[in-house]
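**Q** Below: sequence and its predicted model.
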Amino acid sequence: MSHYQKLLQIKTAGKSLYKITSKVESVVAESGIETGLCTIFLRHTSASLIIQENADPDVLTDLSNFFAKLVPEDNRLYIHTTEGSDDMPAHIRTVLTKTSEQIPIYRGRLALGTWQGIYIWEHRQRSHQRELLVHISGD
Amino acid sequence: MSHYQKLLQIKTAGKSLYKITSKVESVVAESGIETGLCTIFLRHTSASLIIQENADPDVLTDLSNFFAKLVPEDNRLYIHTTEGSDDMPAHIRTVLTKTSEQIPIYRGRLALGTWQGIYIWEHRQRSHQRELLVHISGD
Amino acid sequence: MSHYQKLLQIKTAGKSLYKITSKVESVVAESGIETGLCTIFLRHTSASLIIQENADPDVLTDLSNFFAKLVPEDNRLYIHTTEGSDDMPAHIRTVLTKTSEQIPIYRGRLALGTWQGIYIWEHRQRSHQRELLVHISGD
């Protein structure tokens, strides 16, 4: 067994879900690993990862709307307000989703289901450069 | 170090939590790996994984009731409604739980705590065939 | 590739977030592994793991307040009440957060972002001895 690591820089432009499936798939191809495990790790606390439906964009809109209601951007609800009204909600939304995801590799590709896409969920309003560390192990 | 992969087919019959601890434990035994890491990955976006209390079934009922209130099945709340009133809530409930779980292997067995069971949480009403990919690495 | 496992005992004293970054970092150093993956697994169903902001303690307070409102400690809401009014909420809060976290290792250290700390979130009121299994693989 061997392993492979690569740091990806992902530019985000405001609160949204950014599909990164093909970027991660490219690193898997580069690694040359046929059977193994791919871990993606986001080095941030106000953006997160999810694996979700890759077909109907309405699903992503509904997800965003749900989280907007569940974790309101209202400074009166929080003590930590100095970094803007979107910062504390961003931390909470990150806690409710994922900082890392693991996907097995089968025959040289991510073993995702037909409808699964990988997304970075940017929870901050302004643009950010986000670092995603991809770690792959296998044969 | 070596690794082992197996795809399990799990039949679900409506919204419920299905205990799969022994099925995963069987794959660990088959793999012959004594010390390592077991990753389970569900290839779906409207069913999910959790590790929870394996003793009192009331815990599972309370979990289901909590999620039913937190993420209502009410089409007026969502844009994505064409696949039924349980589909968009299923996506949201999946995002709030897990698509993969990792459990270390110690002395040839999953190193779960005494009260931990592994569950597939089916969030759709009708029966589904769910695919769970088990990936094990170690010695 | 090789691997290394260590069981840590963490004493908690009531509902709070306990930073464990340096404890996990110590196990990584002990392992001698330079490039790899660190998995931490909590062997419990009423305490959980998160990776969050390590700078402003107000973030942790806001997180605790948010979860206190989202998952109320009110026995009238639950069937499973025999273990105390904080037990069922503890299970739900665990489901909404993590039982394991994965962090890549780069140059012999956890590849955490600048603001990321690792926390055990104790959801029960009384003191507990919590078991955290650290699994490291790599070279």
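**A** Cool, got the structure.
**Q** Please identify the residues of chain A in proximity to chain B?
**A** Residues of chain A lying near chain B by C-beta under 8 Å from any C-beta of the partner chain: A:1, A:35-37, A:50-53, A:56, A:58-59, A:61-63, A:66, A:70, A:96-98, A:101-104, A:106, A:111-116, A:137-139. Just so you know, the C-beta spots here come from the backbone N, C-alpha and C atoms, and that holds for glycine as well.
**Q** Spell out for me the ChimeraX command that would select the buried members of these.
**A** Command for ChimeraX that selects the buried part of the residues of chain A next to chain B, burial taken from 16 or more other C-beta atoms under 10 Å in any protein chain shown:
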select /A:1,35,36,37,50,51,52,53,56,59,62,63,66,70,96,97,98,101,102,103,104,106,111,112,113,115,116,137,138
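**Q** Restricted to helices, list the residues of chain A next to chain B.
**A** A:58-59, A:61-63, A:66, A:70 (DSSP state H).
**Q** Going by neighbour count, which residues of stretch A:71-78 are buried?
**A** A:71, A:73, A:75, A:77-78.
**Q** Check whether A:A55 really touches A:G113, as I assumed.
**A** No - if you go by C-beta atoms under 8 Å, A:A55 and A:G113 don't touch, sitting 11.6 Å apart.
**Q** What helix or strand is the residue nearest to A:H123 when sequence neighbours are not counted located in?
**A** Counting by C-beta to C-beta, 6 or more residues apart in numbering or on different chains, A:H123 lies nearest to A:A90, which is 3.5 Å off, once chain neighbours are set aside. Per DSSP states H and E, A:A90 falls inside helix A:87-95.
**Q** And the contacts of that helix?
**A** With C-beta atoms under 8 Å, 6 or more residues apart in numbering or on different chains as the test, helix A:87-95 has contacts from A:44-48, A:67, A:71-73, A:77-78, A:80-81, A:121, A:123-124, C:50, C:52-53, C:59, C:62-63, C:66, C:96-97.
**Q** how about A:G117, what does it touch?
**A** Contacts of A:G117 by C-beta under 8 Å, 6+ apart are A:19, A:21, A:51-54.
**Q** bridging residues for it?
**A** A:Q52 (DSSP bridges).
**Q** State the phi and psi torsions of the residue of chain A found nearest chain B.
**A** Nearest residue of chain A to chain B, counting by C-beta to the nearest C-beta: A:G113, 3.2 Å away. Main-chain torsions, A:G113, degrees, to the nearest 10: phi -70, psi 170.
**Q** What's the per-residue pLDDT of A:P57 here?
**A** In this model, A:P57 is scored at 97, pLDDT.
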